[in-house]
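J.: I'll drop the sequence and a predicted model, then ask my questions.
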Amino acid sequence: MQEQKREIIENYTYQYSRILKKNSKIDPELFDEYGVKRGLRDKNGKGVLAGLTKISTIESTEEIDGKIVPIEGRLYYQGYNIHDLVQGFVNKRYGFEEITYLLLFSSLPNEEQLKEFKEVLRDSRNLPKNFTRDVIMKAPSQDIMNSLTKSVLTLASYDEKINDMSLENVLRQCLMLISMFPMLCVYGYHAYNHFECDDSLYIHRPDDKLSMAENILRMLRPNKQYSEVEARVLDVALVLHMEHGGGNNSTFTTRVVSSAGSDTYSVIAAALSSLKGPKHGGANIKVVEMVQDIKAHVSDLKDEEEIKAYLTKILNKEAFDKRGLIYGMGHAVYSISDPREQVFRKFVGNLADEKGRREDFELYTMIEKMAPEVIAKERRIYKGVSANVDFLSGFVYSMLDIPVELYTPLFAMARIVGWSAHRLEELINVDKIIRPAYKSIGLERQYTNIQERG
Ligand SMILES: CC(=O)SCCNC(=O)CCNC(=O)[C@H](O)C(C)(C)COP(=O)(O)OP(=O)(O)OC[C@H]1O[C@@H](n2cnc3c(N)ncnc32)[C@H](O)[C@@H]1OP(=O)(O)O
Ligand SMILES: O=C([O-])CC(=O)C(=O)O
């Protein structure tokens, strides 16, 4: 019976998807005719100006002799170059907490301020009683982003001040979510791994003395053990993913939903739903799957021509997931390079040697070299294509023995900081609902009674 019902629905949706496509199709030329900016971008790929922000700056071009020329990408958090920030803490102290303070409060903390901030984060990390058992463990899924979103929305029902939009209350909610995300994600993974994959169940509590990066590894590993190098690499990865302007899809979502007056939990749930998309934060999982697929189908991984031919097949929707995308390549703003990928690149070679993954590293390097050529040949390129932050992040996580299901959630554990900063900036400065226009090209029609319809 169930089988029969499923077949009926499948036939219906098959037939109606064709009707939908025919009736909803809009002539692509009309977008140009009405000056519609596809993807809110102009013809050169530049985004329409939708707001102002002081939180971060992304640069990919420079004006030289009156001409706009592409440059190596630059990223600044609150005015500080990302390279200088990473250089400032790496191998000296953990950076996540310090850079979170910077992004939220616009200045680098002194030692006293950092100590106090870490204590506040620690005290904010307080899951409601039995939340792990009653919420996270229920209906576990391989999709940890969905599990995280469910947890965030359920946390709302424990908050007595859910709709209080005062700055101090929204800041309290943001700090709470920033500090709790690692538990929600890692416990969600353990629940899936236990109930769906028949593995043992571990729920380790975070240690109040440890940094965010250390606690993620501690909660994840059955024996709670990790090396200092592993924790420091993860810490840098988190800092690199924290923030990327107001226009990236998930931060713009944060701005849009905040502008409607929604509560913090709903705003962050919407941002999570955006981030998981394979064209955005979900790309880090896709890259690793794509590289596995290349390894399975290319007989000589050192043969440039064979790699090129397979990448062309991926681009032509003939291989891998048949969506026509080479994941980890391209960016809406950067052209020559993404500075975050450059930071990863600095240490990923050594890490690969340490972990016996040199051959994989060489394959990634080869793809990074060939893909822009293949994309430039097959697509209309406005500004050049290079590897983005998602290209190497999954490879790095795999060398830290982090399960693939947690790659995009790790992005979320970092980006919640940027979302929080942008939500606060939107609430402080704008107070106007975001509402762009859609030109209607539908024709007016005469209503017909149901008996008279064909
Ligand atoms: C944290 C992040 O979100 S980083 C991005 C992570 N996403 C990915 O790695 C997925 C693969 N990359 C992509 O899909 C794209 O490069 C995006 C979504 C990141 C940016 O897309 P756009 O802003 O359209 O890039 P751009 O304007 O430079 O693209 C020019 C053309 O090349 C295509 N293109 C760009 N990158 C790729 C790619 N990796 N594979 C296939 N085609 C590509 C675009 O679709 C576009 O074609 P169109 O005009 O027919 O739409
Ligand atoms: O800026 C973008 O469009 C995507 C991106 O790199 C990010 O959000 O980190």
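T.: Now that the structure is in, tell me what you want to look at. Ligands and ions are numbered 1, 2, ... in the order given.
J.: Please count neighbours and contacts with C-alpha atoms only from this point.
T.: Fine.
J.: Domain map for this structure?
T.: 84-278+405-429, 283-399 (automatic domain parsing).
J.: average model confidence for the shortest one?
T.: Domain 283-399 shows an average pLDDT of 94 in the prediction.
J.: returning to what we had before: dump the domains of the chain to CSV, plus distance to residue 45.
T.: Shown next, in CSV, are those (distance: least, Cα to Cα, whole Å):
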stretch, distance to residue 45
domain 84-278+405-429, 13
domain 283-399, 7
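J.: Which one of those lies nearest to ligand 1?
T.: domain 283-399 (3.3 Å; Cα to the nearest ligand atom).
J.: What is the end-to-end distance of that closest one?
T.: 18 Å (Cα to Cα, to the nearest Å).
J.: That one and ligand 1 in contact?
T.: Yes. Shown here: domain 283-399 in contact with ligand 1 (Cα under 6 Å from any ligand atom) through 283, 315, 324-332, 375, 379-383, 385, 388-390.
J.: among these, which ones are buried?
T.: 283, 315, 324-331, 375, 383, 385, 388-390 (16 or more other Cα atoms under 10 Å).
J.: close to ligand 2, is the lowest-mean-pLDDT helix or strand in the chain?
T.: Of all helical and strand segments in the chain, the minimum by mean pLDDT, DSSP states H and E falls on helix 339-354, at a mean of 92. No. Counting by Cα under 6 Å from any ligand atom, ligand 2 is not contacted by helix 339-354; separation bottoms out at 8.9 Å.
J.: coming back round to it: the residues of domain 283-399 next to ligand 1: which ones sit near ligand 2?
T.: Near ligand 2, by the rule Cα under 6 Å from any ligand atom, you find residue 332 out of these.
J.: Which of the residues of domain 283-399 next to ligand 1 fall within helices?
T.: If you go by DSSP state H, these have 283, 315, 375, 389-390 in helices.
J.: Show me the two of those that sit farthest apart.
T.: 315 and 389 (19.9 Å; Cα to Cα).
J.: from the buried ones among the residues of domain 283-399 next to ligand 1, which is closest to residue 66?
T.: residue 383 (17.6 Å).
J.: Quick check: nearest residue in space to residue 95, chain neighbours excluded?
T.: Distances taken as Cα to Cα, 6 or more residues apart in numbering place residue 89 nearest to residue 95, at 5.8 Å, with adjacent residues excluded.
J.: if I look at that neighbour, how far off is residue 105?
T.: Counting by Cα to Cα - residue 89 and residue 105 are separated by 18 Å.
J.: These two: which has the busier surroundings?
T.: residue 89 (17 against 13; other Cα atoms under 10 Å).
J.: Kindly state the pLDDT recorded for that one?
T.: 97.
J.: Please report phi then psi for residue 73.
T.: With angles defined as degrees, to the nearest 10, residue 73 sits at phi -60, psi 150.
J.: Likewise for residue 71?
T.: phi -130, psi 170.
J.: Quick check, it in contact with residue 60.
T.: Yes. Using Cα atoms under 8 Å, residue 71 is in contact with residue 60, at 5.4 Å.
J.: what residues does the least confident helix or strand of the chain touch?
T.: 72-75, 82-83, 237, 240, 358, 360-361, 387-393, 396, 399 (Cα atoms under 8 Å, 6 or more residues apart in numbering).
J.: Of those residues, which belong to strands?
T.: 72-75 (DSSP state E).
J.: How about the residue nearest the centre of the chain: what's its closest non-neighbour residue?
T.: Centrality entry for the chain: nearest residue to the mean C-alpha point is residue 281, 2.5 Å, by Cα atoms, centre = their mean. The shortest distance from residue 281 to any non-neighbouring residue, by Cα to Cα, 6+ apart, is to residue 275 (4.9 Å).
J.: do you know how far the residue nearest to the centre of the chain is from ligand 1?
T.: 5 Å (Cα to the nearest ligand atom, to the nearest Å).
J.: how about that residue, phi and psi?
T.: Dihedral angles for residue 281 - degrees, to the nearest 10 - are phi -70, psi -20.
J.: residue contacts, it?
T.: Residue 281 touches 275, 390, 408, 411, counting by Cα under 8 Å, 6+ apart.
J.: Residue 235 too?
T.: 94-96, 212-213 are the contacts of residue 235 under Cα under 8 Å, 6+ apart.
J.: Can you read off the backbone torsions of it?
T.: According to degrees, to the nearest 10, residue 235 has phi -60, psi -50.
J.: What does the residue in the chain that ligand 2 sits nearest to show for phi and psi?
T.: Ranked by Cα to the nearest ligand atom, the top residue of the chain for proximity to ligand 2 is residue 248, at 3.8 Å. For residue 248, the backbone dihedrals are phi -60, psi 150 (criterion: degrees, to the nearest 10).
J.: give me the number of residues near it?
T.: Residues lying near residue 248 (other Cα under 10 Å) number 17.
J.: swap in the one 10 residues further on?
T.: Applying other Cα under 10 Å, we find 25 residues neighbouring residue 258.
J.: Helix, strand, or coil at it?
T.: Under the three-state scheme (DSSP: H, G, I helix; E, B strand; the rest coil), residue 258 adopts helix.
J.: Can you point out the buried residues in stretch 365-380?
T.: Buried, per 16+ other Cα under 10 Å, within stretch 365-380: 366-368, 370-375.
J.: Kindly report the same for stretch 285-296.
T.: Neighbour-count burial for stretch 285-296 [16+ other Cα under 10 Å]: 285-291, 294.
J.: Give me the helices and strands touching the longest helix along the chain, please.
T.: When the chain is parsed with DSSP H, its longest helix is helix 167-195. Counting contacts by 3 or more Cα pairs under 8 Å, 6 or more residues apart in numbering; DSSP states H and E, helix 167-195 packs against helix 111-124, helix 144-156, helix 212-220, helix 264-275, helix 407-429.
J.: Using CSV, write out every CA atom in the fourth one.
T.: Taking C-alpha atoms only, helix 264-275 is exported to CSV below (Å, rounded to 0.1, in the frame of the first residue of the first chain):
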residue,chain,number,x,y,z
THR,A,264,18.3,35.5,17.4
TYR,A,265,17.6,31.7,17.2
SER,A,266,15.5,32.1,14.1
VAL,A,267,18.1,34.3,12.5
ILE,A,268,20.9,31.9,13.2
ALA,A,269,18.8,28.9,12.0
ALA,A,270,18.3,30.7,8.7
ALA,A,271,22.0,31.5,8.4
LEU,A,272,22.8,27.8,9.0
SER,A,273,20.4,26.8,6.3
SER,A,274,22.2,29.1,3.9
LEU,A,275,25.7,28.1,4.9
